[in-house]
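Q: My questions are about this predicted structure, shown below with the sequence.
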2 protein chains.
Amino acid sequence: MSEASSRPEARAPRGFVDRRARDLAAERAILAKVSAVYERYGFEALDTGAMEYADALGKFLPDADRPNEGVFALQDDDEQWMALRYDLTAPLARFVAQNWETLPKPFRRYAFGPVWRNEKPGPGRFREFTQCDADTVGSARPEADAEIIAMASEGLFAAGLPAGAAILKINNRKLLNGLLATAGVESEGQKLAVLRAVDKLDRLGPDGVRLLLGEGRKDESGAFTKGAGLAAKAAEAVLAFTAAGVGGRSETLDRIADVIGGSPEGDEGLEELRRIDQALGGLGVGPDKAVFDPSVVRGLEYYTGAVFEAELLLSTTDEKGEPVRFGSVGGGGRYDDLVARFTGERTPATGFSFGVSRLASALRAAGRDLGGQARGPVVVIAFNQDDMAQYFGVVSELRAAGIPAEVYLGGSGMKAQMKYADRRLSPAAIMLGGDEIQAGTVTVKDLDLGRELSAGVTDNAAWRAERPGQQTIPRAELIPALRRILEA
Amino acid sequence: MSEASSRPEARAPRGFVDRRARDLAAERAILAKVSAVYERYGFEALDTGAMEYADALGKFLPDADRPNEGVFALQDDDEQWMALRYDLTAPLARFVAQNWETLPKPFRRYAFGPVWRNEKPGPGRFREFTQCDADTVGSARPEADAEIIAMASEGLFAAGLPAGAAILKINNRKLLNGLLATAGVESEGQKLAVLRAVDKLDRLGPDGVRLLLGEGRKDESGAFTKGAGLAAKAAEAVLAFTAAGVGGRSETLDRIADVIGGSPEGDEGLEELRRIDQALGGLGVGPDKAVFDPSVVRGLEYYTGAVFEAELLLSTTDEKGEPVRFGSVGGGGRYDDLVARFTGERTPATGFSFGVSRLASALRAAGRDLGGQARGPVVVIAFNQDDMAQYFGVVSELRAAGIPAEVYLGGSGMKAQMKYADRRLSPAAIMLGGDEIQAGTVTVKDLDLGRELSAGVTDNAAWRAERPGQQTIPRAELIPALRRILEA
């Protein structure tokens, strides 16, 4: 093997991405804003490790000798299977079960960090991404759901979404369960088929969903999807139910009451939504921010009551320039059985989770990028090795004044140094040649202005009069001169 | 199998820890302060993924069909081995090699995040922990080392270390190499044996190290450690060299010059330290913050020039109450060969890394815990389901005023609710019974005071006069009353 071919290729694993300053600044700003909101709501921070035992994640297939392939799993030296967490809820359930005796109850925590899915990566689909979750464990009250909903909404707007750009849509699994019980549907399989059909309303419309609720549907390609097998009357009841989400929250509740008509589970679901409505009222969350929408499904089977989805009402364009609705940025609901996996005791819980990069993209599309311009440091040009201490004196002065600055430390000449400063998006370059040091002066070149001029943003004549592109000034005036450039 | 025994046990994998609010707040505060310093120095944030291909990490043993056991590795579905990163330097080298053409050069980046080591966990030894790194890639100038040193020092103090509590100790591998070359030592094995011997100076003193530099040393248990095999004169030269770190930086340089005497590599190392000294002068870093110390070794074989170590001059007590010096909190140096693993081209680089939890422990020991008291939210007691919207109105008001607050949402009575508030370290509980709602008043119970009284911190008589433990006040006076409690 030759030396060259024994060198590894420099590449990140498939589905893992490197993130540069600008993206990171945006995500960090989102997490700081959202964390502040969550803490004001009395939620405490928690961080669990990246790895969990695979049995604690519930990721063993029956009768298999290794975990489900959807997770990144490996065997520890004592033969136990561990896996990278695929969400933040499963580790929370493990943590709560482990520490139940000593935790304040209800236990309210928020968390953010990477999660990993061992799935096929694709455009916009990564195998590592950042989630941000908040959950209340140990409260069966619908008011706990309402708080999560109110907090999710406040968090999204605090992160920078413009007014009206997001809405929380709320439903309750018990309503549909009640409706189906009234229609005589008992099997879990049939219920899931109904949920899956309803979940396609957006894409197929009521006529397509009607077919999927009944015998089945043939698509344009001729492929047949078997339906849920409901009788026509039951299918119409489900469609009427999903269409009840019109008007204010109390109108929707009245309409739902008319449709689902009186099963015990349905009534329970209705009462829960009524209490959520009242609590949202007390929390000042109007129908412009949170509505009831019986067409909301949420895929996960573990939800047991209220479910909610945060929908962005923004549009953006895809790679081909076509307009695309952003759609869901997060969701959650009530799951009362996750802790019971460990303890055998049902423990009521409710939570909300959103994708941080997804929200960052939405903010960017809305022109609300909190990452700022990722402006680079002021660069001091290095002319002469003997004057290095002088250059470092200048950058120390600037840094002490809060202005990011550096001395160019590569080995190239003046032209390459200017190119470097430009590539860093530096606002200014500082030149301190022998003559300037002698005279106690410094030369400042306004690089922001250079970029504006070449982009045609700034008028050349105005510039000459008011904003010199390059100026030699007394050293003592350096910081005020840089502030003028930074604030221009 | 019974149902109970089929339940997984709720436990985190060995060596992985859950971190609660207080620890997290301290670590986040450190990272925010340090990031701000690093950005002022012109370093940009970068985040690479948790996984790298094992060949890119350099973690294949020769002739082995799976990676080194020190990393957590697994095989991707295309059979390639991936592993969780064990530090932040190897992923940086991969990133730089992959993006060299488009990066500004020198490339200055900082990064923080978890790293993973598949080692035996123990007290204070985890398999997952957070590192924070800064590196300059593409500058061979000693001034780049000086900047990293100055920045590391400024970062540690910005994080909250008291003045005088940390010192950067600097050495250069070339000095010892030059010394050994003069003494006729050529083999890498013998050089490493010398480095290992010098690294034990703290523990064994000069006499013990003299034995290890020569034929070898028998310890108290009678076990024999083979020595480096230096002749007596060469061993004395090494000891004189390691003892040269006394006085100011230029005195140390003069003393080193006397000892190592004139090999080309030694002279190169001396010249580099001279330039580091000058740049540190320009950056305002005096000998109280950074010194030359020829006894600093740094274990990693990949260092090629300057090496540095951040030593904490704080003491703390161990589990048995014995005083312990904190010692090293981080270190780094120049490594010019890591990128070449991928590209075949030598790429000069220098960096510094510190352990975030370790610094947090040191700050705690110094009474400078930036995490604050992890104070809980104000808790509104839930008396009556019908008044829930009232309670939520109160917490909304408090949150809008920036005061963390929540309604108790469990199912327990008054006494348990007070206990909950106490467990959350709530500053106050708010009671809003039917009478109070009627009268437009609210009752506030000062829980901070209750804790102070039971801890004997506050005088009972003074309390009665000036700080009522419980007071019923007009609703409009709630926020001022809470601020008095929060600021007390």
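A: Received, thanks. Residues are numbered from 1 along each chain as shown, chains lettered A, B, ... in the order given.
Q: who in the stretch 151-300 of chain A is up against chain B?
A: Where the stretch 151-300 of chain A comes near chain B, counting by CB under 8 Å from any CB of the partner chain, the residues are A:275, A:278, A:279, A:281, A:282, A:283, A:284. (Each C-beta comes from the backbone N, C-alpha and C, glycine too.)
Q: Find the nearest non-adjacent residue to the first one, please.
A: The spatial neighbour of residue A:275 that comes closest, neighbours along the chain excluded (CB to CB, 6 or more residues apart in numbering or on different chains), is residue A:142 at 4.0 Å.
Q: So which of the residues of the stretch 151-300 of chain A next to chain B are in strands?
A: In strands, defined here by DSSP state E, there are no members of those.
Q: before we move on, the earlier item: neighbours around the residue nearest to residue A:275, how many?
A: Counted by other CB atoms under 10 Å in any protein chain shown, the residues lying close to residue A:142 total 25.
Q: Next, give phi and psi for it.
A: phi -60, psi -20 (degrees, to the nearest 10).
Q: Likewise for residue A:352?
A: According to degrees, to the nearest 10, the main-chain angles of residue A:352 amount to phi -140, psi 140.
Q: quick one: residue A:74 is in a strand?
A: Yes - counting by DSSP: H, G, I helix; E, B strand; the rest coil, residue A:74 falls inside a strand.
Q: Surely it and residue B:69 touch.
A: No - contact criterion CB atoms under 8 Å: residue A:74 and residue B:69 do not qualify, at 11.4 Å.
Q: Among these two, which residue is more densely surrounded?
A: The neighbour count for residue A:74 versus residue B:69, taken as other CB under 10 Å, is higher for residue A:74 (20 against 13).
Q: which residues touch that one?
A: Contacts for residue A:74 (CB atoms under 8 Å, 6 or more residues apart in numbering or on different chains) come out as A:81, A:82, A:83, B:72, B:73, B:74.
Q: mind checking pLDDT for it?
A: pLDDT recorded at residue A:74 is 92.
Q: With residue A:318 instead?
A: For residue A:318, pLDDT reads 74.
Q: What's the first helix or strand after the helix or strand of chain A with the lowest mean pLDDT?
A: One helix or strand of chain A scores below all others by mean pLDDT, DSSP states H and E: helix A:460-466, with a mean of 59. Downstream of helix A:460-466, the first helix or strand assigned by DSSP states H and E is strand A:470-474.
Q: and the helix or strand residue A:311 falls within, does that touch chain B?
A: Assigned by DSSP H and E, residue A:311 falls within strand A:306-317. No - against chain B, strand A:306-317 shows no contacts by CB under 8 Å from any CB, the least distance being 13.9 Å.
Q: List the buried residues of that strand.
A: Under the neighbour-count criterion of 16 or more other CB atoms under 10 Å in any protein chain shown, strand A:306-317 has A:306, A:307, A:308, A:309, A:310, A:311, A:312, A:314 buried.
Q: Not counting sequence-adjacent ones, nearest residue to residue A:238?
A: Excluding its sequence neighbours, the residue lying closest to residue A:238 (CB to CB, 6+ apart) is residue A:213, at 5.8 Å.
Q: my read: that neighbour touches residue A:226, true?
A: No - using CB under 8 Å, residue A:213 makes no contact with residue A:226, being 11.6 Å away.
Q: Show me which of these two is the more surrounded one.
A: Between residue A:213 and residue A:226, residue A:213 has the larger neighbour count (other CB under 10 Å), namely 26 against 10.
Q: With residue B:477 as the reference, measure out to that one.
A: 58 Å (CB to CB, to the nearest Å).
Q: Alpha carbons of stretch A:107-125, as PDB, please.
A: This file holds the C-alpha atoms of stretch A:107-125, laid out as PDB (Å, rounded to 0.1, in the frame of the first residue of the first chain):
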ATOM      1  CA  PHE A 107     -41.400  17.300  38.100                       C
ATOM      2  CA  ARG A 108     -41.000  20.000  35.500                       C
ATOM      3  CA  ARG A 109     -37.900  19.900  33.400                       C
ATOM      4  CA  TYR A 110     -36.700  21.200  30.000                       C
ATOM      5  CA  ALA A 111     -33.700  19.900  28.100                       C
ATOM      6  CA  PHE A 112     -32.000  20.400  24.800                       C
ATOM      7  CA  GLY A 113     -29.300  18.600  22.900                       C
ATOM      8  CA  PRO A 114     -28.500  16.300  20.000                       C
ATOM      9  CA  VAL A 115     -30.500  13.200  19.300                       C
ATOM     10  CA  TRP A 116     -29.500  10.400  16.900                       C
ATOM     11  CA  ARG A 117     -31.500   8.400  14.400                       C
ATOM     12  CA  ASN A 118     -29.900   5.600  12.500                       C
ATOM     13  CA  GLU A 119     -31.900   6.200   9.400                       C
ATOM     14  CA  LYS A 120     -31.200   6.800   5.800                       C
ATOM     15  CA  PRO A 121     -30.000  10.400   5.500                       C
ATOM     16  CA  GLY A 122     -31.400  12.600   2.700                       C
ATOM     17  CA  PRO A 123     -31.800  16.300   1.800                       C
ATOM     18  CA  GLY A 124     -32.800  18.000   5.100                       C
ATOM     19  CA  ARG A 125     -32.800  14.600   6.900                       C
END
